[in-house]
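> have a look at this fold, sequence not included:
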């Protein structure tokens, strides 16, 4: 049976060139970069090269890139570190309702510490309004954090326009670029961001490694305490093989960027076109143009997403309902909900994300299988063109929170 | 390996009794698309015995498997016997469901009870198993 992976936004396989470069750093060049002998300097040199490669991919100075344990730590550090460093100036933060949970939960944590957070709405395409953002600014606003591209629907946000506003008012701007990295051209100076979160495992590098770009001159508080690694900003012995791998992945991403974007966009448009031609009652969620090249987030009317996912899995196809992170937390997508998509349609939505190893034949197989599975489970559905789903009814489970087919005890 | 055991997967991929029934004697719909799952159970009833049962379900794998197993289990049963079945019986027949998915088996139980309730009301039957059954009530059930 064919095996097709279409969940590249959840994670990517490590490319062979990346793995090859990492391997010696596990057992040959394993020295602690903080030590003072030849073996340690070899490690340090490896990190220096990796940092330069990551910096180059985003147009930053080497000294502006700080390695972290991943995108989550970068988001936590940017938001919590910036808020604490600027708390004398004000206590207000602006973000959006469609951010990753690494960002949203950091903001919720800061609210408990006395900060006030505005969560901006998005339009039906999943984009933040620059005008709304400008209106939300107060004299106490110290930080704005808006993702560069959304992980579920792939909508690319107007960061450059937002930066023009924050810069003029002396407000720090952070952007979570975990999904955008390697998928859209990024230049930190052109974008005008002060901080940018990055992750390695979305660009064919290893998991457990990421980085936070912090513009020269921007001071944020540390959130990890210990040794003086990463210019005394991020304590902890470096994840040496991870950093090496991230560096190589960044180099490859930069070399392949134009071709990667063109190939993925073509494949994705072909995929969406085929699905819409062969299956009725399908809607593309997000912005048809300003979106990540590999992202196709689709609603299939009258069938529940998880049932389709389960059946596709039997057929060797790996996809996701919302994001990988929310599938374990049993919640309907906060992103689709924020876009104003009716809840019953949210349950019928699936995310397909295409990557460097996807072929046209893979997509043909997925389309063919989708035709079969959607017909199979629509035939089982009490809903259809003659019997539309109503969103007026509410859940009848007392004491429980109904979130899709899952019931979670309240409180 | 996966989320569900083989029995659940079998009922999910080859659901028994799926589809619409022509001229059913009783129908019960339970759940809500807002909740992400909804079941409709149709019954053919002769001489107090369930001769045939069919279902249509909008929901995840375990909702479909629960509907399949529940309709299988009530076929050939008297209305009293069918009313005595609970979600626990359906879960047991499926060989277990993940905790958060037990909810789906409750929907099957409620949809069946509702279908029989509607039938009893229409035919002026007094079924002991329906005492206290309120089709509009919120229910406090054990999900685990």
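On my side now, so go ahead. Please read these numbers as outputs of a predicted model, since none were measured by experiment.
> residue B:57: what secondary structure?
What DSSP: H, G, I helix; E, B strand; the rest coil gives for residue B:57 is strand.
> would you agree it is in contact with residue B:36?
No. Taking contacts as C-beta atoms under 8 Å, residue B:57 lies outside contact range of residue B:36: 11.4 Å. C-betas here are computed from N, CA, C, even on glycine.
> give the contact list for residue A:382.
B:29, B:38, B:39, B:40, B:56, B:57, B:58 (C-beta atoms under 8 Å, 6 or more residues apart in numbering or on different chains).
> how many residues are close by the residue of the stretch 51-200 of chain A found nearest chain B?
Distances between the stretch 51-200 of chain A and chain B by C-beta to the nearest C-beta are smallest at residue A:152, namely 16.8 Å. Using other C-beta atoms under 10 Å in any protein chain shown, the number of residues around residue A:152 comes to 28.
> what about the closest residue to it other than its chain neighbours, how many neighbours?
Nearest residue to residue A:152 in three dimensions, chain neighbours excluded: residue A:335, at 4.3 Å (C-beta to C-beta, 6 or more residues apart in numbering or on different chains). For residue A:335, the tally of surrounding residues (other C-beta under 10 Å) stands at 29.
> which of the three states applies to residue A:335?
Secondary structure assignment for residue A:335 (three-state DSSP): helix.
> C-terminal to the helix or strand bottoming out on mean pLDDT in chain B, what's the next element?
Within chain B, no helix or strand scores below strand B:26-32, which has a mean of 90 by mean pLDDT, DSSP states H and E. Toward the C-terminus, strand B:26-32 is succeeded by strand B:37-46 as the next helix or strand (DSSP states H and E).
> parallel or antiparallel, list what pairs with that next one.
Paired with strand B:37-46 in the same sheet, following DSSP bridges, are strand B:26-32 (antiparallel), strand B:49-58 (antiparallel).
> buried sites along that strand?
Across strand B:37-46, burial judged by 16 or more other C-beta atoms under 10 Å in any protein chain shown covers B:37, B:38, B:39, B:40, B:41, B:42, B:43, B:44, B:45.
> quick check: closest non-adjacent residue to the spatially most central residue of chain B.
Geometric centre of chain B, nearest residue: residue B:108, 2.7 Å, by C-alpha atoms, centre = their mean. Nearest non-adjacent residue to residue B:108, counting by C-beta to C-beta, 6+ apart: residue B:70, 3.8 Å away.
> what's the angle from whichever strand or helix holds the one you found to strand B:49-58?
Using DSSP H and E, residue B:70 sits within helix B:61-74. Angle between the axes of helix B:61-74 and strand B:49-58 is 170 degrees (criterion: axes from the mean of the first three to the mean of the last three C-alpha atoms, to 10 degrees).
> could you check how many residues crowd around residue 133?
No chain was given, so I picked chain A. For residue A:133, the neighbour count with other C-beta under 10 Å is 21.
> oops, chain B please
16.
> let me know the helix or strand that it is in.
Residue B:133 belongs to no helix or strand, assigned by DSSP H and E.
> what of residue A:241?
helix A:240-278.
> after that helix comes which helix or strand?
strand A:282-285.
> which parts of the helix or strand following that following strand are buried?
Using DSSP H and E, the helix or strand that follows strand A:282-285 in sequence is strand A:295-300. For strand A:295-300, the neighbour count (16+ other C-beta under 10 Å) marks A:295, A:296, A:297, A:298, A:299, A:300 as buried.
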